[in-house]
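Peer 1: sequence below, structure please.
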Amino acid sequence: MKNSLHKMLKSEAEADKNKALLSLELLSNHPAGIGDHTTKDFWSNATEALELLVSADDRLSALTKYFTLDENLSNQTTFF
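Peer 2: Have a look, this model is predicted:
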């Protein structure tokens, strides 16, 4: 796998992980900020955030398990 593709996939998974963690933190620590949402909305948002977190962790694990980033090429710009 080209380094540029690896870096893009890893960055996307890391961003999703951070979004999920922030969502879960907000739901846990600041539920008043949710506003007019019902309990069902709260549960749905929590479940959605957890699913995003699991997906991101799985993608990061797969990249680590199956693909190695060539550190010698990591600073070079490559195109497909």
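Peer 1: from here on, just use CA atoms for contacts and neighbour counts.
Peer 2: Will do.
Peer 1: low pLDDT regions in this protein?
Peer 2: 31-37, 71-80 (pLDDT under 70).
Peer 1: swap in 50 and give it another go.
Peer 2: 79-80 (pLDDT under 50).
Peer 1: show me the helices in it, by range?
Peer 2: For the chain, applying DSSP state H gives helices covering 3-29, 39-66.
Peer 1: tabulate these (JSON lines), appending mean neighbour count.
Peer 2: Putting the helices of the chain into JSON lines (neighbours: other CA atoms under 10 Å) gives the following:
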{"stretch": "helix 3-29", "mean neighbour count": "16"}
{"stretch": "helix 39-66", "mean neighbour count": "15"}
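Peer 1: what residue is smack in the middle of this structure?
Peer 2: Geometric centre of the chain, nearest residue: residue 16, 2.2 Å, by CA atoms, centre = their mean.
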